[in-house]
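In: fold the following, please.
(2 chains)
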There are 2 protein chains.
Amino acid sequence: MSESRMLRLGAFMRPISIHTAAWRYPGGTPDANFNWPLIKRLTQKLEHGKFDAFFMADHLAVPNMPTDALKRSATVTSFAPMTLLPALAAVTERIGLIATMSTTYNAPYHVARLFASLDHLSGGRAAWNIVTSTNPYEALNFGLKEHLEHDERYRRAREFYDVVTGLWDSWADDAFIRDVDSGVYSDPAKLHVLDHQGKYFSARGPLNVARPVQGWPVIVQAGQSDAGRQLAGETAEMVFSGVSDIATAQRVYADIKARAQAVGRNPDHIVIMPGAFVVVGDTAAEARAKKTRLDSLVHPDSGLGTLSVQLGVDASKFDLDGPLPDDLPPTNASHTSRQKLVDMARNDKLTVRQLAQYVGGAFGTLEMIGTAAMIADQMQAWLESRACDGFNVMFPYLPGGLDDFVDQVVPELQRRGLFRRDYEGTTLREHLGLPRPANRFF
Amino acid sequence: MSESRMLRLGAFMRPISIHTAAWRYPGGTPDANFNWPLIKRLTQKLEHGKFDAFFMADHLAVPNMPTDALKRSATVTSFAPMTLLPALAAVTERIGLIATMSTTYNAPYHVARLFASLDHLSGGRAAWNIVTSTNPYEALNFGLKEHLEHDERYRRAREFYDVVTGLWDSWADDAFIRDVDSGVYSDPAKLHVLDHQGKYFSARGPLNVARPVQGWPVIVQAGQSDAGRQLAGETAEMVFSGVSDIATAQRVYADIKARAQAVGRNPDHIVIMPGAFVVVGDTAAEARAKKTRLDSLVHPDSGLGTLSVQLGVDASKFDLDGPLPDDLPPTNASHTSRQKLVDMARNDKLTVRQLAQYVGGAFGTLEMIGTAAMIADQMQAWLESRACDGFNVMFPYLPGGLDDFVDQVVPELQRRGLFRRDYEGTTLREHLGLPRPANRFF
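Out: Sure, this is the predicted structure:
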């Protein structure tokens, strides 16, 4: 079966590059985060490259960075996913549109409604990336004194998902008759009032949007902790995994698919797509030189900021030339990202400064740096060894890094029969090989 | 000065016609509420007609109609304003985009962010229609047992406005330096942390969106009660007023402008635009015949549904051929709409059935039915007698009713020098003659 498996490709956008120094790179676009004409062009280019989806991360706060890092960040302000993605839907035809929305600081009715509306607007291309939020400053923007405890956030997320999917099923697919002669618009027997009363939420329903084109927008998850993987196994249809070596990736892949199977799901109906930071060059040396150039443009202060966010503690107070202290205070930030950094600092004997520079550049994610053929080799190896079903590609700078990928790597993958030459269907579910969910009430 | 005043024109959309029977009208579009290509074309047509804005109403629930009315409603499901308007921004250049968002069932941080993002995306064309929500079913969708009391909703709305506008001022207009050489993206001295702690909300800020293109998106209000008009006088820059005769309109106009002046505002910086249901014909008789035809397509059950919503009580339980009972139970629905219906039923000696048919057709709003010249006469008379600064036009059916207005009434208004022949500026503030607000912190 592995011969016939095809790669899935998402473009992981912020909406601009994930790399801190992208805006400073020669030929980069300093104002990309509010540059609608550029983002429109880039998304149309991704569609030209037959990408499965444009994937937009999100935060509900200016991150809790020290001022010295904040002033160097190009991404502390940007479009909101839920205004950018409808606009992109209007100027594209096929590419999927994944928006992040938090289950911690939203009401299920709003989330159900916005994604259903986006799915109608885009003709079935919407996906919801469920996050529980990790930044403590987000709580302060929404009237809470502190961030919810980690496992509590996941229990809340699970109920949130139940409410949202229940609301999507408010109307049968054939509820709308629109009989001009009789004047009957909808069939009352095909309308379900959810009347959810749970631990965290109550919501009567029905949703004031017809059932989405895809039945449900695609469910995406990126949580890496035990609770996150379990939620993914139970609910996700696409998983963004943060793995950087093939052995770990295989383990995570098998684990999530097993969790899906354990709750009675078909493991083929959950596609696992690690984030991959990709730098393309005409030669391996040129690609490596681009990456070195890019990292050299990261100011040490920026790395300290990101490091502080990921550790959940102000790292600028540590001795920069000493090791990471062993006695980090407890945090409600993402446990997995933090532990990975702690392990890396210990194993590679990094100083806080070195750790900051590493984090400022690469975010500890999988990197693919080389020629189009080398990158295709690496992607093929991961796919064929069941370390993944595809990748969420991150571009080093814009527009060049994205253009290089679409112009060079995509054709190479197509030549090898690993990636589509054209879209087979019109919906994101069709691109990803996912079934359309039945309506639980009809 | 009245000679030089120009009409402002908004298109009040649901996103489809406000008339219950619009979808049944010959040549109408039964599926208009989820027909993106049609809505796109209609909005482009409005822009061709130099309309100031596309104005989208909203509800956060399937309304509490009896089933017999619900099954006849074409608008109980539709796009969400905050997904439709960004999409429209992407396919238009100049027309303003007014989205309704409730202060009762949203968090200020989300609202500030979505409108700021839409304003950037559209190049300064966003407006926020502040509503406090009137439908009791909305409460049930958001975890509340009952709707908030009327005046409490308005106190909450006022604080909500303070938080939202404060968040829009988080960044100075020139906060973003983007100095590639030094690697400094923003000036920390030009970032303000709001740290709002109030009766209803606490929100730290700063907003994670740069200051909107317009400084603040335009503030719109439609509340007609005393509390509603006071909020409008204090905060609104455009008022959608629900008046149907010129004398009342003049009184409301003077009252709202006086309230604005009393709090130190320039009364020219609040434009008052009644809703106007307009039916255009080649002759007066043809226009009247269109309206009669349209009303004849309203099923009595539909009128009863709308009447029930507006009275806040199930009107189908009343004797249809008797008068409206004097002892209506208390309600938290809009007080003004309800009283208007009660007065009309008493003054015109209408049965419940007759009231239902009236409501089902015209919604008790200002009607203009006639030739383009007659409609222009009426609009001119209202403008020149200071009954309004313009109108929020409602079309009887789509696309015909809208096309007729743009093709026939707009040119007549232009010939008379009452309406622009082209946009003078690029932002909605410029269209409406409103100043760009200074940043309160910088």
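In: make it CA atoms for all contacts and neighbour counts henceforth
Out: Fine.
In: get me the contact residues on the stretch 201-350 of chain A for chain B.
Out: Selection of the stretch 201-350 of chain A residues close to chain B by CA under 8 Å from any CA of the partner chain yields A:201, A:202, A:203, A:204, A:205, A:206, A:207, A:208, A:209, A:210, A:297, A:299.
In: can I get those in TSV with secondary structure, pLDDT and neighbour count?
Out: Listed next are these as TSV, based on DSSP: H, G, I helix; E, B strand; the rest coil; pLDDT from 0 to 100; neighbours: other CA atoms under 10 Å in any protein chain shown:
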residue	secondary structure	pLDDT	neighbour count
A:201	coil	95	17
A:202	strand	95	22
A:203	strand	95	26
A:204	coil	95	22
A:205	coil	95	25
A:206	coil	97	25
A:207	coil	97	30
A:208	coil	96	26
A:209	coil	97	27
A:210	coil	97	29
A:297	coil	89	20
A:299	coil	84	21
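In: does the lowest-mean-pLDDT helix or strand in chain A come close to chain B?
Out: Here the helix or strand of chain A ranked lowest by mean pLDDT, DSSP states H and E is helix A:352-362, holding a mean of 77. No. Helix A:352-362 stays clear of chain B (CA under 8 Å from any CA), getting no nearer than 13.3 Å.
In: neighbouring contacts of whatever helix or strand comes next after that helix?
Out: Counting by DSSP states H and E, the element after helix A:352-362 in chain order, helix or strand, is strand A:366-370. Contacts to strand A:366-370, defined as CA atoms under 8 Å, 6 or more residues apart in numbering or on different chains, come from residues A:242-245, A:274-288, A:291, A:375, A:378.
In: repeat that for stretch A:347-363.
Out: A:19-21, A:277, A:294-295, A:298-300, A:302-304, A:306-307, A:315, A:318-324, A:341, A:344-345, A:364.
In: ok, stretch A:303-321 next?
Out: In contact with stretch A:303-321 (CA under 8 Å, 6+ apart) are residues A:63-66, A:68-70, A:135, A:324-325, A:328-329, A:331-334, A:337-338, A:351-353, A:355-361.
In: what is the mean pLDDT for the strand or helix carrying residue A:341?
Out: According to DSSP H and E, residue A:341 maps onto helix A:335-347. Helix A:335-347 comes out with an average pLDDT of 85.
In: pull out the buried positions in it.
Out: Neighbour-count burial for helix A:335-347, counted by 16 or more other CA atoms under 10 Å in any protein chain shown, picks out A:335, A:336, A:337, A:338, A:341, A:342, A:345.
In: can you give me the neighbour number for residue A:127?
Out: As a burial measure, residue A:127 scores 28 neighbours (other CA atoms under 10 Å in any protein chain shown).
In: my guess is it meets residue A:215, correct?
Out: No. Between residue A:127 and residue A:215 there is no contact under CA atoms under 8 Å: 11.4 Å.
In: quick check: closest non-adjacent residue to residue A:131.
Out: residue A:102 (4.8 Å; CA to CA, 6 or more residues apart in numbering or on different chains).
In: so what's the residue count around the one you found?
Out: 21.
In: may I have the phi/psi pair for it?
Out: For residue A:102, the backbone dihedrals (degrees, to the nearest 10) come out as phi -80, psi 140.
In: for chain B, what's its nearest residue on the stretch 251-400 of chain A.
Out: residue A:299 (7.3 Å; CA to the nearest CA).
In: name all residues that make contact with that residue.
Out: Counted by CA under 8 Å, 6+ apart, residue A:299 has contacts A:72, A:357, B:183.
In: likewise residue A:30?
Out: A:23, A:24, A:74, B:178, B:180.
In: okay, the residues you listed in a markdown table with neighbour count next?
Out: Shown next, in a markdown table, are the contacts of residue A:30 (neighbours: other CA atoms under 10 Å in any protein chain shown):
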| residue | neighbour count |
| --- | --- |
| A:23 | 29 |
| A:24 | 23 |
| A:74 | 27 |
| B:178 | 20 |
| B:180 | 18 |
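In: next step: these restricted to strands.
Out: residue B:178 (DSSP state E).
In: tell me the one of the contacts of residue A:30 nearest residue B:413?
Out: Using CA to CA, residue B:178 is the member of those that lies nearest residue B:413, at 46.1 Å.
In: right, and residue A:290 touches residue A:282 too?
Out: No. Assessed by CA under 8 Å, residue A:290 is found out of contact with residue A:282, at 10.9 Å.
In: who has more neighbours, those two?
Out: residue A:290 (19 against 13).
In: and the one helix or strand the more buried one maps to with helix A:352-362, angle?
Out: Residue A:290 belongs to helix A:284-296 when assigned by DSSP H and E. Going by axes from the mean of the first three to the mean of the last three CA atoms, to 10 degrees, helix A:284-296 is angled at 120 degrees with respect to helix A:352-362.
In: only the buried residues of helix A:284-296, if you could.
Out: Buried residues in helix A:284-296 (16+ other CA under 10 Å): A:284, A:286, A:287, A:288, A:289, A:290, A:291, A:294, A:295.
In: try stretch A:377-388
Out: Buried residues in stretch A:377-388 (16+ other CA under 10 Å): A:378, A:379, A:380, A:382, A:383, A:384, A:386, A:387, A:388.
In: list the contacts for the second one?
Out: I take that to be residue A:379. residue A:390.
In: okay, the buried residues of helix A:284-296 in JSON lines with pLDDT next?
Out: JSON lines is the format used below for the buried residues of helix A:284-296 (pLDDT from 0 to 100):
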{"residue": "A:284", "pLDDT": "97"}
{"residue": "A:286", "pLDDT": "98"}
{"residue": "A:287", "pLDDT": "97"}
{"residue": "A:288", "pLDDT": "93"}
{"residue": "A:289", "pLDDT": "94"}
{"residue": "A:290", "pLDDT": "95"}
{"residue": "A:291", "pLDDT": "90"}
{"residue": "A:294", "pLDDT": "89"}
{"residue": "A:295", "pLDDT": "83"}
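In: name the nearest of those relative to residue B:41.
Out: residue A:294 (44.4 Å).
In: was I right about that closest one contacting residue A:23?
Out: No. Using CA under 8 Å, residue A:294 is not in contact with residue A:23; the gap is 9.8 Å.
In: quick one, strands of the stretch 1-150 of chain A?
Out: For the stretch 1-150 of chain A, the strands defined by DSSP state E, counting those that start in this stretch cover A:8-13, A:53-56, A:96-102, A:126-131.
In: name the helix or strand for residue A:307, please.
Out: Going by DSSP H and E, residue A:307 is part of helix A:300-311.
In: tell me the mean pLDDT for that helix?
Out: 82.
In: kindly export it (C-alpha atoms) in CSV.
Out: The C-alpha coordinates for helix A:300-311 follow below in CSV (Å, rounded to 0.1, in the frame of the first residue of the first chain):
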residue,chain,number,x,y,z
PRO,A,300,19.9,37.3,20.3
ASP,A,301,17.2,39.2,22.0
SER,A,302,14.6,37.7,19.7
GLY,A,303,15.6,34.2,20.6
LEU,A,304,15.4,35.0,24.3
GLY,A,305,11.8,36.2,23.7
THR,A,306,10.7,33.0,22.0
LEU,A,307,12.6,30.9,24.5
SER,A,308,10.7,32.8,27.3
VAL,A,309,7.4,32.0,25.7
GLN,A,310,8.2,28.4,25.2
LEU,A,311,9.6,27.9,28.7
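In: where does the prediction get shaky in chain A?
Out: A:1-3, A:333, A:361-364 (pLDDT under 70).
In: for it, longest helix please?
Out: Once chain A is assigned using DSSP state H, the helix that runs over the most residues is helix A:150-168.
In: how about it, which residues are buried there?
Out: A:150, A:153-154, A:156-161, A:163-168.
In: repeat that for stretch A:206-225.
Out: A:206-224.
In: now do the end-to-end distance for it.
Out: Length of stretch A:206-225, first residue to last, CA to CA, to the nearest Å: 34 Å.
In: and for stretch A:230-249?
Out: 16 Å.
In: burial measure for residue A:137, as a count.
Out: Residue A:137, neighbours per other CA under 10 Å, totals 22.
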